[in-house]
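> kindly return the folded structure for what I paste below:
(2 chains)
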Amino acid sequence: MATFIVRRLASMLGVMFAISVLTFLIFQAIPNGDPALRLAGRLATPQQIEDVRKQWGFDKPIYVQYAKTMEKVFDGEVISYSQQQNVESEIWRDLPVTVSLALGAGVLFLAFGILFGLMSAVRAGRFTDRALTVLAMFGISMPAFFLGAVMEYYLAYKAGIFPIGGYVKLTSDPWGWLTHLIMPWVSLAILYVGIYSRVLRSNTLDTLGEDYVRTARAKGLSRREVLVHHVLRNSLIPVITLWGLDLAALFGGAALLIETVFNLHGVGQYAAESIGRLDVPPILVITMLTAFFVVVLGAVTDVVYAVLDPRIRLN
Amino acid sequence: MAIERTIESELPGGGPPASVDSRRTVAGIGPYRLAWRRLRRNRVALAFGGLFVAMVILCLLAPVYARDVAHTTPDANHITEQVKVGGKIVEVLSPSGIPIGPTWHSRFFLGADQNGRDVAVRLLYGGRNSLFIGAVATLITMVLAVIVGLLSGYFRGPVDGVLSRAMDVIWAYPALLLGVALGVVLAVGGLNLGVIEIQGNSLMVPAVIVGVVYVPYVAKPLRGQILGLREKEFIDAARAQGLGHLQIMFGEVLPNLASTIIVLVPLMLANSILLEASLSFLGAGVQPPNPSWGTMIGDGIRFIPAAIHTTLVPGIMLMLTVLGVNVLGDGVRDAFDPRARIRVER
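Numbers count the residues shown, from 1 in each chain, chains lettered A, B, ... in the order given. The predicted structure follows:
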């Protein structure tokens, strides 16, 4: 067990190192974007540009620059090019928004994914199943940012049911927090409700065919009891694994799109705005930290699995 | 195959009853014919496949529509012009800068955008770009994933170790974030690999990005399948015949992956089109003034609520196209493997 954990954590650190190098190289490879030129401003003399280059370390060899960058990332001292603000303090300021957005959407799509998946499996082949399949297909095919824009127009501008964009702190106004986030949650969740309900449907159908399900029925348990205690418990395992990873991916994925559409000023929108300004440090830090987060979460999932299921350790 | 055959002939309407005679005639039907037969019976999948084909044809006809119906080009501005709608003369852009909505006439059929450009014409040209990028990206993904999967699944050991770790690294990035990071960098400077040189505003930039980002999503399941295949007797037989590694990989293993690959293609196409739209929406994909459905939605969103049609039109087109591919792909999967086990998440 201990060797498994050590090996898994070692491989996690290896992947994290590779990610940091790759991310650094991607942004180092901007050919026309000499950052010293942009930092020094339009009217800078060659001497000023040279000073900036020295000051920021752009004249050093690339591995020294990498080490410096990583040092800054871990010490929280990365400064953005465009407004020369501390990137990490910006991220910390915006993080509650993105966490609210991702967690709320996560709860929503997990609940509805399970509900729809179960309904589909129990009524497999009948009308409910077909209707839910159509819905899932629409969900999978719907670009989240388009759905968000359409909802904002019809439900906020036209019908006035929800407020128009923006974010309200949970601590200052819980009701406002909820109403401002409902549309972003729904538009993020639709895609995953589609995926999860399909995955759970096929898992449940597989489990329903198992011998122990028949045994449970044969010993006199009701359909409902068997479904909840024997079937659901088993078919949920892969879905919960997926959930952890998808939640992490939401931070760096759909959050960029949805926060931009609803003007929520979260980490995603910070990244999207930095893209518009070609401001490298914030994108570098956000990309790196999100990927780290995904890797750590994946390793934790594997270790938890190994604790729960000894067969995995042998492989 | 024996089990498959009996199941096929026992299905209602699935050929003659399973008598000894009919077995003889059914014998020899390959898995592709069987799959095609099942797909042909799936009316819904075929209808949505038809929807997708119709979208492709429409977009291919963009130059014809622009020249003969709308009499304009995708980038031509008509800011100061007027059009006749039902006898009335209307400004293309109102004095406050709000573009005209759908006229349902030959000119500005679906309205104008904030630069006075014909939305219908840009929609079709944008569709060409979106579909082109989706197709090229899918091709890149499949080719790279097959190579990676074959090498790591067949050789295992250190080759597998290196390739699988590389896949883990790409896998760890959220697809959109990695795409955005690469898109920003390449849109500024283009790509110069010595042999291949791509301009920053070329459509190949988003195509290559989307293609590479999705490689692990296909390579991982392929590798798993190859790990199982290489233990089979026919591989031992091929080796005993003296075939080389390349011959075994491409001559013996690859044909056995064909159905998996066929099933994955429509799913990857749908995902690629969606990722391109997201990248372009954020400004890290197709570069203006070149249209794509994603950039059109991104432009249109700033004119909500004044001109919702600039968002609605490309969005609906994008959704219908992806829906067509997805439902067709679902049908193809069911046709090849009625117990559907292959899935692409995200």
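> grab the nearest non-local neighbour of B:P206.
B:G285 (4.3 Å; Cβ to Cβ, 6 or more residues apart in numbering or on different chains). To be clear about C-beta, it is placed using only N, CA and C from the backbone, and glycine gets the same treatment.
> what score does the one you found have for pLDDT?
pLDDT, B:G285: 87.
> state the helix or strand in which it lies.
For B:G285, there is no host helix or strand (DSSP states H and E).
> any idea how far chain A is from B:P288?
Taking Cβ to the nearest Cβ, to the nearest Å as the measure, B:P288 falls 13 Å from chain A.
> same check on B:W171?
Relative to chain A, B:W171 is positioned 8 Å away (Cβ to the nearest Cβ).
> now B:L222
Plainly put, B:L222 is 19 Å away from chain A if you go by Cβ to the nearest Cβ.
> swap in B:I140?
Counting by Cβ to the nearest Cβ - B:I140 and chain A are separated by 18 Å.
> from the chain's centre, how far out does whichever helix or strand that residue is part of sit?
Element membership of B:I140, judged by DSSP H and E, is helix B:119-155. What separates the centre of helix B:119-155 from the centre of its chain is 6 Å, taken as Cα atoms, centre = their mean, to the nearest Å.
> give me the helices and strands touching it, please.
Secondary-structure packing of helix B:119-155 (3 or more Cβ pairs under 8 Å, 6 or more residues apart in numbering or on different chains; DSSP states H and E): helix B:43-60, helix B:62-64, helix B:157-172, helix B:204-213, helix B:215-229, helix B:254-281, helix B:293-301, helix B:309-336.
> so the residue nearest to B:P206 versus B:C59, what's the distance?
For B:G285, the distance to B:C59 (Cβ to Cβ, to the nearest Å) stands at 17 Å.
> look at the two and report which has more neighbours.
Comparing B:G285 with B:C59 by other Cβ atoms under 10 Å in any protein chain shown, the one with more neighbours is B:G285, at 30 against 21.
> next one: phi and psi at A:P61?
Per-residue torsions, A:P61: phi -60, psi 160 (degrees, to the nearest 10).
> tell me how far it lies from A:A67.
On the measure of Cβ to Cβ, A:P61 and A:A67 end up 10 Å apart.
> can you give me the pLDDT of the closest residue to B:M268 other than its chain neighbours?
Of all residues not flanking B:M268 in the chain, B:T138 sits nearest, at 4.8 Å (Cβ to Cβ, 6+ apart). At B:T138, the model reports a pLDDT of 97.
> list the residues that contact B:T138.
Residues in contact with B:T138 (Cβ atoms under 8 Å, 6 or more residues apart in numbering or on different chains) are B:211, B:265, B:268-269, B:272.
> same check, this time on B:M296
Counting by Cβ under 8 Å, 6+ apart, B:M296 touches B:113, B:119, B:122-123, B:126, B:310, B:313-314.
> hmm, 10 Å instead?
B:113, B:117, B:119, B:122-123, B:126-127, B:130, B:277, B:280-281, B:286, B:310-311, B:313-315, B:317-318 (Cβ atoms under 10 Å, 6 or more residues apart in numbering or on different chains).
> next: B:S106.
Shown in contact with B:S106 (Cβ under 10 Å, 6+ apart): B:65, B:68-71, B:83, B:120.
> who are the contact partners of the closest residue to A:A18 other than its chain neighbours?
With Cβ to Cβ, 6+ apart as the criterion, A:A18 has its nearest non-adjacent residue at 4.6 Å, and that residue is B:V169. Applying Cβ under 10 Å, 6+ apart, we find B:V169 in contact with A:14-19, A:21-23, A:291, A:295, B:178, B:216.
> and the nearest residue to B:A306 once chain neighbours are set aside, what does it touch?
Computed as Cβ to Cβ, 6+ apart, the closest residue to B:A306 that is not its neighbour in sequence is B:I98, at 4.8 Å. B:I98 is in contact with B:91, B:112, B:114, B:303, B:306-307, counting by Cβ under 10 Å, 6+ apart.
> now do B:M249
Contact partners of B:M249, counting by Cβ under 10 Å, 6+ apart, are B:146-147, B:150-151, B:153-155, B:226, B:230, B:235, B:243.
> swap in A:I286?
Contacts of A:I286 were listed using Cβ under 10 Å, 6+ apart, and they are A:23, A:87, A:90-91, A:94, A:251-252, A:256, A:267-268, A:270-271, A:274, B:177, B:180-181.
> which pair of the residues you listed spans the longest distance?
Maximum pairwise distance among the contacts of A:I286 (Cβ to Cβ): 19.7 Å, between A:T23 and A:D94.
> find the centremost residue of the chain, please.
No chain was given, so I picked chain A. Most central in chain A under Cα atoms, centre = their mean is A:L250, positioned 1.9 Å from the mean C-alpha point.
> nope, chain B
Among the residues of chain B, the one closest to the centroid is B:L269, at 1.8 Å (Cα atoms, centre = their mean).
> mind checking how far that residue is from B:M204?
Distance of B:L269 to B:M204, computed by Cβ to Cβ: 17 Å.
> quick one on the thing from earlier: most neighbours of all the contacts of B:I98, which one?
Neighbour tally across the contacts of B:I98 (other Cβ under 10 Å): the maximum, 30 neighbours, falls on B:A112.
> where does B:R107 land in three-state SS?
Judged by DSSP: H, G, I helix; E, B strand; the rest coil, the three-state class of B:R107 is coil.
> residues in contact with the closest residue to it other than its chain neighbours?
The shortest distance from B:R107 to any non-neighbouring residue, by Cβ to Cβ, 6+ apart, is to B:V83 (5.3 Å). By Cβ under 10 Å, 6+ apart, the contact list for B:V83 reads B:89-92, B:100, B:103, B:105-108, B:112.
> in what helix or strand does B:V83 lie?
With DSSP H and E as criterion, B:V83 is part of strand B:82-85.
> tell me the buried residues in the helix or strand just after that strand?
Following strand B:82-85 in sequence order, the next helix or strand is strand B:88-91 (DSSP H and E). Neighbour counts over strand B:88-91 (16 or more other Cβ atoms under 10 Å in any protein chain shown) mark B:E91 as buried.
> contacting residues around strand B:88-91?
Contacts to strand B:88-91, defined as Cβ under 10 Å, 6+ apart, come from residues B:78-84, B:98-101, B:103, B:108, B:112, B:116.
> and what of stretch B:43-55?
A:130, A:133-134, A:137, A:141, B:38-40, B:42, B:124, B:127, B:130-131, B:266, B:269-270, B:317-318, B:320-335.
> and with 7 Å instead?
B:39, B:127, B:320-321, B:323-325, B:327-328, B:330-331 (Cβ atoms under 7 Å, 6 or more residues apart in numbering or on different chains).
> report the two of these separated the most.
B:L39 and B:G127 (25.4 Å).
> higher neighbour count, these two?
For B:L39 versus B:G127, neighbours defined as other Cβ under 10 Å are more numerous around B:G127 (25 against 18).
> just give the closest residue to that one, not the sequence neighbours.
Once flanking residues are discounted, B:G127 sits nearest to B:C59: 3.5 Å by Cβ to Cβ, 6+ apart.
> for that neighbour, give me its contacts.
By Cβ under 7 Å, 6+ apart, the contact set of B:C59 is B:124, B:127-128, B:131.
> now distance to A:I49 and pLDDT too, for those, in TSV please.
As requested, the contacts of B:C59 are exported to TSV (distance: Cβ to Cβ, whole Å; pLDDT from 0 to 100):
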residue	distance to A:I49	pLDDT
B:L124	46	93
B:G127	45	94
B:R128	43	94
B:L131	44	96
